[in-house]
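Engineer: how does the following fold in three dimensions:
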Amino acid sequence: MSPVGSGPGPAAGPRAGQLAGPPAGPPAGPLTGVRVVELGGIGPGPFAAMQLAELGADVVRVDRPGEANPLALAGGMRRSRPGIAVDLKHPDGVEVVRRLLADADVLLEGFRPGVLERLGLAPDDLLEANPRLVVARMTGWGQDGPWAQRAGHDITYAALSGTLHALGPRSRPVAPVPVLGDFAGGSMYVLVGVLAALVSRATTGRGQVVDAAMVDGAAHLLTMVHGMLGAGLWRDERAANLLDGGAPFYDVYECAGGGFVAVGALEPQFWRELVSGLGLELEGEQYDTDAWPAHRAAFTAAFATRTRDEWAQAFEGTDACVAPVLSLAEAPSHPHLAARGTFVEGPAGGHPVPRPSPRFSATPQRDPGPEPAPGADTVTYLTAHGFTGEEIEALLSSGAVVRS
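Structural biologist: Residues are numbered from 1 along each chain as shown. Okay, the predicted model is just below:
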C-alpha cells in the first residue's frame, strides 16, 4: 500500500500560516487563509506564486528533486514561501500532491498542455476530489490551438500577438526585456484569473479551471492600440503614432554626457510647460503633424545642452512630464521611490528588490522573505499538513520526496 494513502488527513487547525504564514500581529495581506500549491517552473509561474504569497496566501512551491535549471533557481522569485521537493514521476510523489490539494484553494501550474494529465493530476479528477479547487494553468500558447504544444518565450508570444511589431524604431522591432508576454501577459493575467475564480467560488461554491495563455495576455495588453487602429487613429507602423515615439512630445531624448530623459507632455498645458522649460519659441501648434519635424529637432538640440540630472532638476516641481531615465542600480535611490519605500533590501542582501504592489490600508502585504532551496522545507511542511513521521520517512526512502 502507498505510504501516502494510509495516514490521517490534513492537520487540524488553521490551514494557512503553518509555515509560510505571517507573524503574530496585523493580518499579513488580504489573501490570508488562501492555500496555494505551486508546481515549480520558471519565470511567470514563480512570479505569480510569489505575488500570492506576499499578498498573504499560504503558498508552497513543489520543486523537482535535484532542480538545477538556473532559470528556476535564479531571478529572485523563489522568495516568501516554503519549498518542498517531490518526484512527480513517482506514484507516491503524485499522491503527496493530491493529498495537499484535497483541501487547497488553488493549484498553480505552468506545464505544456497535457503534462498535468500524464502525471495523473488531471483537472477533472482534482475537481471531483475537491470541487472548490481553482486549477490555474498558465502556458505560452494556451490549452488548445495549433501552436499549443510548441515551445516559446516572451519574445515569441509578443511577436505572434502583434505586440512586438509595435515596439522600437521605424527600422525594426526591438526585443523587449521579458515583461510583455511572461509577466504582464502571463503572471498578471493568471493572477486576475485566480482571484476572479475565488470570488466566483464564494457565490457558486465551486472552483474551476483557469486557462491563462501568455499570447492572449500579450494581445489583450494592446486593447487600446487595437481600438485606435480600428478607429483610424493609429497607423500600423512603428514610431508613427502619438504614443510610440512618433510625436515629438512623447519620446526619449539624449542629454549632454549620454544620459536620457523621457518626455510625455501629451496635454496642451503640459506641452506649454515643456516648451517653456526648454526656453523655446516654436512655430506651429502641438498637434500640427507638419510642425513635428521642426519641434523634434528643437527638442533634440535643447536637451543636448545639459546633462540628464540638470534637466531633471530644471523640471522638478513642474507638470512638463519630464523624468530622468534611471538605470536599474539608480532607481531605488530616487527620492520619490525612497520616500514611498518602493524598493526594500533583498532577502539575501545585495541589490534592493521591489516591494510587493499594490498596497492595502487594512491588510498590509508581506515584505520579501527568504528563498529556500528545493526541498528545504519538505519535512517541516508535510508534517505541518498532516503527514506522519512514519509516512515522511517512507516517502524519503522511496525517493518520492527529497529534503535538502
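Engineer: so which bits of stretch 173-184 are buried?
Structural biologist: Neighbour-count burial for stretch 173-184, counted by 16 or more other C-beta atoms under 10 Å, picks out 173, 178, 179, 180, 181, 182, 183, 184. Bear in mind the C-beta positions are built from the backbone N, C-alpha and C, glycine included.
Engineer: so for it, mean pLDDT?
Structural biologist: Mean pLDDT, stretch 173-184: 91.
Engineer: quick check: end-to-end length of that stretch?
Structural biologist: Stretch 173-184 has an end-to-end distance of 19 Å (criterion: C-alpha to C-alpha, to the nearest Å).
Engineer: report the distance from it to the chain centre.
Structural biologist: 12 Å (C-alpha atoms, centre = their mean, to the nearest Å).
Engineer: I'd like the buried residues of stretch 173-184 as CSV, with secondary structure appended.
Structural biologist: Listed next are these as CSV, based on DSSP: H, G, I helix; E, B strand; the rest coil:
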residue, secondary structure
173, coil
178, coil
179, coil
180, helix
181, helix
182, helix
183, helix
184, helix
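Engineer: go through those residues and name the one nearest residue 280.
Structural biologist: Comparing those against residue 280 with C-beta to C-beta picks out residue 173 as the nearest, at 32.3 Å.
Engineer: can you pull the contacts of the closest one?
Structural biologist: Contacts for residue 173 (C-beta atoms under 8 Å, 6 or more residues apart in numbering) come out as 159, 164, 165, 167, 238.
Engineer: if we go to 6 Å?
Structural biologist: By C-beta atoms under 6 Å, 6 or more residues apart in numbering, residue 173 lies in contact with 164, 165, 167.
Engineer: which of those residues are buried?
Structural biologist: Buried among the contacts of residue 173 by 16+ other C-beta under 10 Å: 164, 167.
Engineer: if we can go back for a sec, for the buried residues of stretch 173-184, give me CSV that also has distance to residue 85.
Structural biologist: Formatted as CSV, these follow (distance: C-beta to C-beta, whole Å):
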residue, distance to residue 85
173, 40
178, 26
179, 29
180, 32
181, 29
182, 24
183, 26
184, 30
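Engineer: those: which two are farthest apart?
Structural biologist: 173 and 183 (18.9 Å).
Engineer: export the contacts of residue 173 to a markdown table and append columns for distance to residue 392 and pLDDT.
Structural biologist: As requested, those are arranged in a markdown table below (distance: C-beta to C-beta, whole Å; pLDDT from 0 to 100):
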| residue | distance to residue 392 | pLDDT |
| --- | --- | --- |
| 164 | 48 | 95 |
| 165 | 53 | 95 |
| 167 | 50 | 94 |
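Engineer: so which of the contacts of residue 173 belong to strands?
Structural biologist: Residues of the contacts of residue 173 located in strands (DSSP state E): none.
Engineer: does the residue nearest to residue 48 when sequence neighbours are not counted sit in a helix, a strand or a coil?
Structural biologist: In space, and not counting its chain neighbours, residue 48 is closest to residue 187: 4.3 Å by C-beta to C-beta, 6 or more residues apart in numbering. State at residue 187, reduced to three classes by three-state DSSP: helix.
Engineer: what segments of the stretch 151-300 of the chain are strands?
Structural biologist: For the stretch 151-300 of the chain, applying DSSP state E, counting those that start in this stretch gives strands covering 209-213, 250-254, 260-264.
Engineer: of these, flag the one that's most buried.
Structural biologist: strand 209-213 (a mean of 22; mean count of other C-beta atoms under 10 Å).
Engineer: which strands and helices lie in contact with that strand?
Structural biologist: With contacts defined as 3 or more C-beta pairs under 6 Å, 6 or more residues apart in numbering; DSSP states H and E, the packing partners of strand 209-213 are strand 134-139, helix 188-204.
Engineer: now do that strand, average pLDDT.
Structural biologist: 98.
Engineer: partner strands of that strand and their direction?
Structural biologist: strand 134-139 (parallel) (DSSP bridges).
Engineer: what about the helix-or-strand element of the chain with minimal mean pLDDT, distance to the chain center?
Structural biologist: The helix or strand of the chain with the poorest confidence is helix 70-73; it has a mean of 74 (mean pLDDT, DSSP states H and E). Offset of helix 70-73 from its chain centre (C-alpha atoms, centre = their mean): 16 Å.
Engineer: then stretch 313-321?
Structural biologist: With C-alpha atoms, centre = their mean as the basis, stretch 313-321 stands 31 Å off its chain's centre.
Engineer: so for that stretch, first residue to last residue, what's the gap.
Structural biologist: With C-alpha to C-alpha as the measure, stretch 313-321 spans 13 Å from end to end.
Engineer: just say which of the helices and strands packed on strand 209-213 is most tucked in.
Structural biologist: strand 134-139 (a mean of 26).
Engineer: average pLDDT across it?
Structural biologist: Average pLDDT, strand 134-139: 97.
Engineer: now could you export just the CA positions of that strand as PDB?
Structural biologist: The C-alpha atoms that make up strand 134-139 are tabulated as PDB, following Å, rounded to 0.1, in the frame of the first residue of the first chain:
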ATOM      1  CA  VAL A 134      -9.200  26.600  -8.600                       C
ATOM      2  CA  VAL A 135      -6.800  25.000 -11.100                       C
ATOM      3  CA  ALA A 136      -4.800  27.800 -12.700                       C
ATOM      4  CA  ARG A 137      -3.000  26.700 -15.900                       C
ATOM      5  CA  MET A 138      -0.500  29.100 -17.400                       C
ATOM      6  CA  THR A 139       1.000  28.400 -20.800                       C
END
